[in-house]
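Asker: starting from these lines, generate the structure:
(2 chains)
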Protein chains: 2
Amino acid sequence: MDTIKVSANSRTSAVAGAIAGVVREHRRAEVQAIGAAAVNQAIKALVIATGYLKNDGINVACVPEFTEVTIEDKVRTAIKLIIEP
Amino acid sequence: MDTIKVSANSRTSAVAGAIAGVVREHRRAEVQAIGAAAVNQAIKALVIATGYLKNDGINVACVPEFTEVTIEDKVRTAIKLIIEP
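Answerer: A predicted model of the protein is given here:
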């Protein structure tokens, strides 16, 4: 299962569709975001995806974690959202 | 139970302590944030609070929702995080 990576420019509806699709298939999704604008997009997408999944009878909740990612040789702290029923 | 309101300038450690305290007392906390910077602070605080509560044997997850709040006669969309074991 791939991590869904969200940037400040990600469209929330596209991310929401991705989250819902991955949860339907794998019963779990991971979303990664770096920076305030990306985290905000990820949370808005999660609200929308939660609505989609509720229509399918799947109630999800999320647990956020810190995670370190290396981008162009620099270590940055990302937020990872673990989304599960 | 009062909603914990988070702004862009909120200290994450203070918000984390508030979340953990409210969850310990009420088995549920609500956090409200308006704007990307505030949502980011709220999520970082939730990661820290999740660690505090795990030490107490309480595993929490969150469900985010949109909510409308009126500030100085203007309606704004906020993110509300419902945090429960």
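Asker: going forward, measure contacts between C-alpha atoms and count neighbours the same way
Answerer: Noted.
Asker: who touches the longest helix belonging to chain A?
Answerer: Across chain A, the longest stretch assigned as helix under DSSP state H is helix A:36-55. Under the contact criterion CA atoms under 8 Å, 6 or more residues apart in numbering or on different chains, helix A:36-55 has outside partners A:6-13, A:15-17, A:19-20, A:24, A:31-33, A:59-60, A:79, B:35-37, B:39-40, B:63-66, B:79.
Asker: Three-state assignment for residue A:32, please.
Answerer: Following DSSP: H, G, I helix; E, B strand; the rest coil, residue A:32 is assigned to strand.
Asker: I'd guessed it sits against residue A:4; true?
Answerer: Yes: at 6.1 Å, residue A:32 counts as touching residue A:4 under the criterion of CA atoms under 8 Å.
Asker: neighbour-wise, which of the two wins?
Answerer: A direct count of neighbours by other CA atoms under 10 Å in any protein chain shown for residue A:32 and residue A:4 places residue A:32 higher, at 22 against 17.
Asker: any idea what that one is bridged to?
Answerer: Listed by DSSP bridges, the beta-bridge partners for residue A:32 are residue A:5, residue A:80.
Asker: if I look at it, what pLDDT would I see?
Answerer: Confidence at residue A:32, expressed as pLDDT, is 98.
Asker: that one: what's it in contact with?
Answerer: Contacts of residue A:32 by CA under 8 Å, 6+ apart are A:3-6, A:42, A:78-81.
Asker: now it: how far from residue A:6?
Answerer: According to CA to CA, to the nearest Å, residue A:32 stands 6 Å off from residue A:6.
Asker: do the same with residue A:57
Answerer: For residue A:57 relative to residue A:6 (CA to CA), the value is 25 Å.
Asker: which of those two has more residues huddled nearby?
Answerer: It is residue A:6, of residue A:57 and residue A:6, that has more neighbours when counted by other CA under 10 Å, with 23 against 10.
Asker: count the neighbours of the closest residue in space to that one that isn't next to it in sequence for me.
Answerer: Using CA to CA, 6 or more residues apart in numbering or on different chains and skipping residues adjacent in sequence, the residue nearest residue A:6 is residue A:33, 5.1 Å away. Neighbours of residue A:33 under the rule other CA under 10 Å: 24.
Asker: right, and residue A:33 touches residue A:79 too?
Answerer: Yes: counting by CA under 8 Å, residue A:33 touches residue A:79, with 5.4 Å between them.
Asker: residue contacts, the spatially most central residue of chain A?
Answerer: Geometric centre of chain A, nearest residue: residue A:31, 2.8 Å, by CA atoms, centre = their mean. Contact analysis of residue A:31 by CA under 8 Å, 6+ apart lists A:3-6, A:19, A:42, A:80-83.
Asker: sounds good, over and out.
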